[in-house]
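Chemist: Have a look at this prediction, sequence included:
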Amino acid sequence: MTQKTKYPVGRIAYPILIALSISHCLNDLLQSVITAVYPLFKEDLALNFAQIGLITLVYQMSASVFQPLTGLFFDKRPFAWSLPIGMSFTLVGLLNLSFASNLHWVLFSVFLIGIGSSVLHPEASRITSLASGGRRGLAQSLFQVGGNLGGSLGPLLVALLVAPYGRRHMVIFTGFAFIAILVMLPIGKWYKAYLEHIRWEHSIAPTSVQMPLPLNKTVFSVTILLILIFSKYIYMASLTSYYTFYLIHKFGVSVQQSQIFLFVFLIATALGTLLGGPIGDKIGRKYVIWVSILGTAPFSLLMPHVGLAATVVLSFCVGLMLSSAFPAILLYAQELLPHKLGLISGLFFGFAFGVAGIASAVLGNMADKFGIEAVYNVCAFMPLLGLVTWFLPDLKKQGCK
């Protein structure tokens, strides 16, 4: 019989989850500032596109590749104050970036900012699970919708607070980082109490959390989940990065109209993120993954062949369904390895960010060579990879919640 994971509270800890969601919002807001200020750096420091690409590479290495490593480190050595320390790296990085006068200084700055993200995602995801009171889907959705909101606000705030006044006004964002540290302090206090409780409990009656599946099936299932992340984030990259260009090119809409239609898509992704976790709590993660990814295929395949109004409606349906997959995929993976929450969270967040970054570059080259419509004709087939969900075991039937 599989032993279920123990939780520190008998019911869901909403104040901690709200603080985690706000922390995620502020973190992703600050992370999105980097790409938003690329035009300012290109002009001020006379950078070419290859150097801009190098900045992206260094940032992605720090923000994505390091996530599984930080997750694994804190799995072995839990530390209550990891979140504010990680955000301190982001604060210092932003301060440096505001006054960077050469490429090397910029690279060092974005590396520090990326470290903050590498700490936050696996650690905050772990604490989200611990504070869920067993309602892990709802908790994870609340956490992730904060990130969606923050990623959308960053470029808008850059346009309002930095672009009209010059790059050094980026120092304003260090204030957001400081606010994030203050928000994280009560989370650290709660997590410290939890760790002390677990150590005391373990000293009285040592327990262990068993894996629900044998190791070979666990590795196979994690591989399937990574394939699903691959399919989801390639298609999502086509929409988040190039949807406005597609609408302008195909339908001749204005830039302002295209931004409104992009906002409709982003609203749908926020709603889908909120719905995916709680529904998975009730019916099982596997079924949410089925519907979210494979169920997107009819809409994605139809979208390149319809008019403007139908495209907007279909993009809303795509955003709503596809975004509900990530909470279910992440929680399924955490249930496979309940004693490695940080490693799994870092692996999946890092892989998702990495795939999205690489896909954006590849799709940009495709659009240059074959046209923007070719991107959507090809990416429309990516949700069909949802068929591999068939091979996932149903953990709900095996006693996992």
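Modeler: Received it, and whenever you're ready, just let me know what you need.

Chemist: So which elements touch the strand or helix carrying T273?
Modeler: Element membership for T273, per DSSP states H and E: helix 255-283. Contacts defined by 3 or more CB pairs under 8 Å, 6 or more residues apart in numbering; DSSP states H and E place helix 255-283 against helix 136-161, helix 215-251, helix 285-293, helix 308-323, helix 325-336. (C-beta placed from N, C-alpha, C; glycine too.)

Chemist: Quick one: work out the angle between it and helix 285-293.
Modeler: 160 degrees (axes from the mean of the first three to the mean of the last three CA atoms, to 10 degrees).

Chemist: Buried residues, helix 255-283. List them.
Modeler: 258, 261-262, 265-266, 268-281 (16 or more other CB atoms under 10 Å).

Chemist: what's the answer for stretch 188-200, then?
Modeler: Buried, per 16+ other CB under 10 Å, within stretch 188-200: 188, 190-191, 194.

Chemist: quick one: which of these is nearest E123?
Modeler: Y191 (8.8 Å; CB to CB).

Chemist: Please tell me how far stretch 383-392 is from the chain's geometric centre.
Modeler: Put simply, stretch 383-392 sits 21 Å off its chain's centre (CA atoms, centre = their mean, to the nearest Å).

Chemist: Now do the end-to-end distance for that stretch.
Modeler: Terminal residues of stretch 383-392 lie 16 Å apart, using CA to CA, to the nearest Å.

Chemist: which stretches of the stretch 51-200 of the chain form helices?
Modeler: 66-76, 82-99, 103-130, 136-161, 173-204 (DSSP state H, counting those that start in this stretch).

Chemist: got the contact list for the first one?
Modeler: Contacts of helix 66-76 with the rest of the structure, by CB atoms under 8 Å, 6 or more residues apart in numbering, involve 82, 114-115, 117-119, 121-123, 126, 339-347, 349-350, 353.

Chemist: Quick check on these: which are buried?
Modeler: Of the contacts of helix 66-76, these count as buried by 16+ other CB under 10 Å: 82, 114-115, 117-119, 121-123, 126, 340-347, 349-350, 353.

Chemist: Is there a neighbour count for the spatially closest residue to I52 that is not a sequence neighbour? I'd like the number.
Modeler: Leaving aside its chain neighbours, I52 sits nearest to Y38 (5.7 Å; criterion: CB to CB, 6 or more residues apart in numbering). Using other CB atoms under 10 Å, Y38 has 14 other residues around it.

Chemist: What of V306?
Modeler: 12.

Chemist: and it, how far is that from V312?
Modeler: 10 Å (CB to CB, to the nearest Å).

Chemist: follow-up on the earlier one: just name the most buried of the helices and strands packed on helix 255-283.
Modeler: Greatest average neighbour count among the helices and strands packed on helix 255-283 goes to helix 325-336 (a mean of 27), per mean count of other CB atoms under 10 Å.

Chemist: tell me how far it is from the chain's mean position?
Modeler: On CA atoms, centre = their mean, the centre of helix 325-336 falls 13 Å from that of its chain.

Chemist: Give me the helices and strands touching that helix, please.
Modeler: Using 3+ CB pairs under 8 Å, 6+ apart: helix 325-336 touches helix 136-161, helix 215-251, helix 255-283, helix 285-293, helix 341-370.

Chemist: can you list these in JSON lines and add distance to T70 and mean pLDDT?
Modeler: Formatted as JSON lines, the helices and strands packed on helix 325-336 follow (distance: least, CB to CB, whole Å; pLDDT from 0 to 100):
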{"stretch": "helix 136-161", "distance to T70": "17", "mean pLDDT": "83"}
{"stretch": "helix 215-251", "distance to T70": "19", "mean pLDDT": "86"}
{"stretch": "helix 255-283", "distance to T70": "23", "mean pLDDT": "81"}
{"stretch": "helix 285-293", "distance to T70": "25", "mean pLDDT": "88"}
{"stretch": "helix 341-370", "distance to T70": "6", "mean pLDDT": "80"}
